[in-house]
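Colleague: need a structure here:
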Amino acid sequence: MALVIAGERSGVGKTTVTLTLLASLRRRDRLVQSFKVGPDYIDPMFHRHVTGRACRNLDPVLTSEAYVQQCFARHSQLSEYALVEGVMGLFDGVKEGAGEQGSRGAEDKNNAQCLTDFASTAHIARLLDLPVVLVIDCSRLSGSVAAIAHGYRSFDSRIKIAGVVLNRVGSDRHLSLLKDSLEPLQLPILGVMRRQDNITIPDRHLGLVPTAELPELNALIDRLADLGDTCFDWQRLLPLLKSESLSPSASSSLYSSSPVRIAVARDRAFNFYYQDNLDLLQQLGAELVFWSPLEDADIPKDIQGMYFGGGFPEVFAQQLAENSSVRDAVKTAILKGMPTVAECGGLMYLCEQIIDFEGKSWSMAGVLPTSAVMGGRLTLGYRRAVALQDNLLVKANTTVYGHEFHRSHLTLTPTQPLFETSRYDCEENMGCEGWGLPANIHASYVHQHWGESREIPQQFLKECLKVASSGMWI
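Modeller: I've put the predicted structure just below:
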């Protein structure tokens, strides 16, 4: 068993409730595995900071329904308790078009020609057969809470609503009104969280500020643990959170040595990585060498490949620009043939410049003949991407699924782009994107999860092995 934390909509406090539960469990020295529905990178950072264990993304668009089930089973059995944080509102997903997802495991096609909650929290709860705790923002309602709770409980009979958490409750009188309204439903109140002025996680243009940039985070987590000790009905919650089994022997074996060393940029500027991608590289025989384009004076030695994830290079553009020795080393390595994967923020780093929100220009690695310009427009959504040519990771005409989330655009588009992209949930063409020249790079705004596509990291390591066997890099 495990528990899904869902919201009646975005912004109701799912992440705060989730972190409060996790913090309280860890204070009790409980081993807890967390999961996050959807493609988000930042919420899982907070989970990991609290639990000490990598949070796993559950996303059937980026992977498949079968992979979601396998991932959950594999990791939840290694802990005492398991918890899944949802995304947006409980039933908010994407339209899953007839036929498009057939090979990736769409459910209930006989009951609905097009699922409109595919990849939603409800979808994941059904896939994993888990009960749901509904978080309700009570700051601007009292008696109406019953209508909301009743509607969510009755909307889909396959969803098991275990109870509710009443968030942002203003006073004892307010709580009394809420309880009186919910009483006829006989729906358990599993938690009551009062309005908290001293518990705030700052955010900016792409969501919460990542954990590495919050020096007071530990104090915040302590306050959440204090709150969690008193605001939840632990007698009811603990049995729901209890994992099915504790089986340490089921963990994946990772190779401790390998002739292939991959330099993975990981610091405050580059920290958007799916843990499953990193695990796959290790399982396939790579040694991952983590380093910082912000702080280090040079790229790691004895490497045969580089991986730049997403993040916030625009926030640290000045510091990245000032580290000219690293920028030059990255450019030299790539121009000499170093296989390199760069996603979103990584792509921006390979450009000639980043132009920040204030219009200031900062020099970057200069591998790509274009600049990344920050702007107000948010590009957001799942993508279906078809490879237009053989490239570092996939063959021509291969279809991959990914996610875009950025507020920058490039001043010049590639003459030979990697992908033709479209929205996942309709046929709307989103244009061509991605840089594959020189041929040893794969630079794209589209974030990919490789969990259901092992051939992608395999191909990457195959190219890295060519470098290793050539003896080019010492």
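Colleague: for the closest residue to His174 other than its chain neighbours, what are its contacts?
Modeller: Closest residue to His174 apart from its sequence neighbours, by CB to CB, 6 or more residues apart in numbering: Ser142 at 6.6 Å. For every residue, glycine as well, the C-beta is placed using N, CA and C. Counting by CB atoms under 8 Å, 6 or more residues apart in numbering, Ser142 touches 174, 177-178, 181.
Colleague: Then Ser444?
Modeller: Per CB under 8 Å, 6+ apart, neighbours of Ser444: 342-344, 347, 385, 402, 418-419, 433-435.
Colleague: Closest one to Cys464 out of the contacts of Ser142, please.
Modeller: Cys464 lies nearest to Leu178 out of the contacts of Ser142, by CB to CB, at 57.5 Å.
Colleague: How far does stretch 157-170 sit from its chain's centre?
Modeller: Stretch 157-170 sits 24 Å away from the centroid of its parent chain (CA atoms, centre = their mean, to the nearest Å).
Colleague: Report the residue ranges of every domain in this protein.
Modeller: Residue ranges for the domains of the chain, per automatic domain parsing: 3-249, 255-470.
Colleague: Dump those into a markdown table; add mean pLDDT as well.
Modeller: What follows is these, written out as a markdown table (pLDDT from 0 to 100):
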| stretch | mean pLDDT |
| --- | --- |
| domain 3-249 | 89 |
| domain 255-470 | 94 |
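Colleague: still on that earlier bit, now render the contacts of Ser444 as CSV, adding distance to Ser371, secondary structure and neighbour count.
Modeller: Below are the contacts of Ser444 laid out as CSV (distance: CB to CB, whole Å; DSSP: H, G, I helix; E, B strand; the rest coil; neighbours: other CB atoms under 10 Å):
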residue, distance to Ser371, secondary structure, neighbour count
Ala342, 15, strand, 28
Glu343, 18, strand, 24
Cys344, 15, coil, 28
Leu347, 12, helix, 29
Ala385, 23, strand, 25
Gly402, 23, strand, 23
Leu418, 19, coil, 27
Phe419, 21, strand, 27
Glu433, 15, strand, 21
Gly434, 16, coil, 24
Trp435, 13, strand, 25
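Colleague: ok, these vs Ser154, which is closest?
Modeller: Nearest to Ser154 among those: Gly402, at 35.5 Å, using CB to CB.
Colleague: What's opposite the closest one in the beta bridge?
Modeller: Arg383, Gln448 (DSSP bridges).
Colleague: Gly431 now?
Modeller: Thr421.
Colleague: Would you agree it is in contact with Thr421?
Modeller: Yes: judged on CB atoms under 8 Å, Gly431 makes contact with Thr421 at a distance of 6.4 Å.
Colleague: How much space separates the residue nearest to His174 from Leu238?
Modeller: 30 Å (CB to CB, to the nearest Å).
Colleague: now do Val68
Modeller: 25 Å.
Colleague: before we move on, what about Ser76?
Modeller: 15 Å.
Colleague: cool, Ile5 as well?
Modeller: 15 Å.
Colleague: And the two? Which one has more around it.
Modeller: When neighbours are counted by other CB atoms under 10 Å, Ile5 comes out ahead of the other of Ile5 and Leu238, with 23 against 16.
Colleague: wait, the more buried one sits on Val87?
Modeller: No: between Ile5 and Val87 there is no contact under CB under 8 Å: 10.5 Å.
Colleague: Return the residues in contact with Ser361.
Modeller: Ser361 makes contacts with 353-355, 371, as judged by CB under 8 Å, 6+ apart.
Colleague: Report the two of the residues you listed separated the most.
Modeller: Spanning the widest gap among the contacts of Ser361 are Ile354 and Ser371, at 7.1 Å by CB to CB.
Colleague: Would you mind telling me which of the two has the busier surroundings?
Modeller: Using other CB under 10 Å as the criterion, Ile354 and Ser371 rank with Ile354 on top: 26 against 20.
Colleague: For that one, which non-adjacent residue is spatially closest?
Modeller: Ala317 (4.6 Å).
Colleague: contacting residues around that neighbour?
Modeller: 354, 356, 360, 362, 364 are the contacts of Ala317 under CB under 8 Å, 6+ apart.
Colleague: and the closest residue to Ser453 other than its chain neighbours, how many neighbours?
Modeller: What sits nearest to Ser453 in space, not counting adjacent residues and going by CB to CB, 6+ apart, is Val400, at 6.8 Å. Look at Val400: counted by other CB under 10 Å, it has 22 neighbours.
Colleague: Distance of Val400 relative to His447?
Modeller: 11 Å.
Colleague: And for Ala263?
Modeller: Taken as CB to CB, the span from Ala263 to His447 is 19 Å.
Colleague: ok so, going back, confirm the residue nearest to His174 sits in a helix?
Modeller: No: counting by DSSP: H, G, I helix; E, B strand; the rest coil, Ser142 is not part of a helix but coil.
Colleague: Start the count at 38 instead of 1 going forward.
Modeller: Right, with 38 as the first residue, what we last looked at is Ser179.
Colleague: List phi and psi for it.
Modeller: phi -140, psi -90 (degrees, to the nearest 10).
Colleague: before we move on, what about the one 5 residues further on?
Modeller: In terms of degrees, to the nearest 10, the main-chain angles of Ala184 are phi -60, psi -40.
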